[in-house]
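>>> Make a model of this:
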Amino acid sequence: ASAVRVSGDNVWIVFHDGERIASGDNWQAPTVTEFDLDKNGGALIAIYVLDVAPGADGVGAMLADIILDDGTYIPTSEDEPGWVCDRGGFDRNGDWVTVAFDDSAWIPLSFFDKFPGGVWGGGAALMTAAFGAPEVDAYWSCCLGNGKTDDAYFRYRIETLAVEPNGKSATRWATLKAAL
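Okay, the predicted model is just below:
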């Protein structure tokens, strides 16, 4: 099985293909949840984050990565452009968590600090133990300008994967998997 590892500041819900699979409310206690790819090798991971400190004091931020069953590593990082986000007023359990939802107008993530450093570094030891292997190589991320709203919505479609690490050429996961 594949796995998604998530921490949020400071309440989060994780969805896989529209189904709720994990939630948490302590950023130092991340969730690690297994999921299966569909028969074509695809999946949608959606993450809702709420910072419970209201107003400009709060930023709905998250740290996440996905480890596919073949070992492919997908972090929240500038090197992984597939992550998208929106700040927008959706029903947290609504259709935005489904594969069919159109996220083409969503924007790329904004990045804070690389784990284990930065403002969340104080919880790194506890989080590292909870995450397990492989080592987390991801960034704490938010949706641009998020100081105006405490809600943030994040999505990643597992459809295209880099097959040439240096050139970042991409191919459909189903095509790659079928060739194996």
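>>> what's near enough to touch Ser77?
For Ser77, the contact set (C-beta atoms under 8 Å, 6 or more residues apart in numbering) comprises Phe111, Asp137, Ala138, Tyr139. Backbone N, C-alpha and C define where each C-beta goes, glycine included.
>>> so where is this protein shaky, pLDDT-wise?
53-58, 145-149, 160-180 (pLDDT under 70).
>>> now the contacts of Ser77 as a markdown table including neighbour count and distance to Gly18?
Listed next are those as a markdown table, based on neighbours: other C-beta atoms under 10 Å; distance: C-beta to C-beta, whole Å:
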| residue | neighbour count | distance to Gly18 |
| --- | --- | --- |
| Phe111 | 16 | 27 |
| Asp137 | 13 | 28 |
| Ala138 | 25 | 24 |
| Tyr139 | 25 | 26 |
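>>> farthest-separated two in these?
Spatial extent of the contacts of Ser77 (C-beta to C-beta) is set by the pair Phe111 and Asp137 at 12.7 Å.
>>> closest to Ile45 among the contacts of Ser77?
In terms of C-beta to C-beta, no member of the contacts of Ser77 lies closer to Ile45 than Ala138, at 13.2 Å.
>>> For Ile21, give its distance to Asp113.
26 Å (C-beta to C-beta, to the nearest Å).
>>> and if you look at Leu68?
For Leu68, the distance to Asp113 equals 25 Å [C-beta to C-beta].
>>> And for Asp51?
Per C-beta to C-beta, Asp51 is found 16 Å from Asp113.
>>> what do you get for Thr72?
Taken as C-beta to C-beta, the span from Thr72 to Asp113 is 24 Å.
>>> With distance to Val97 added, can I get the contacts of Ser77 in CSV?
Shown next, in CSV, are the contacts of Ser77 (distance: C-beta to C-beta, whole Å):
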residue, distance to Val97
Phe111, 23
Asp137, 26
Ala138, 21
Tyr139, 23
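>>> Please, where are all the helices along the chain?
For the chain, the helices defined by DSSP state H cover 124-131, 173-179.
>>> who are the neighbours in contact with Thr128?
Pro116, Glu135, Val136.
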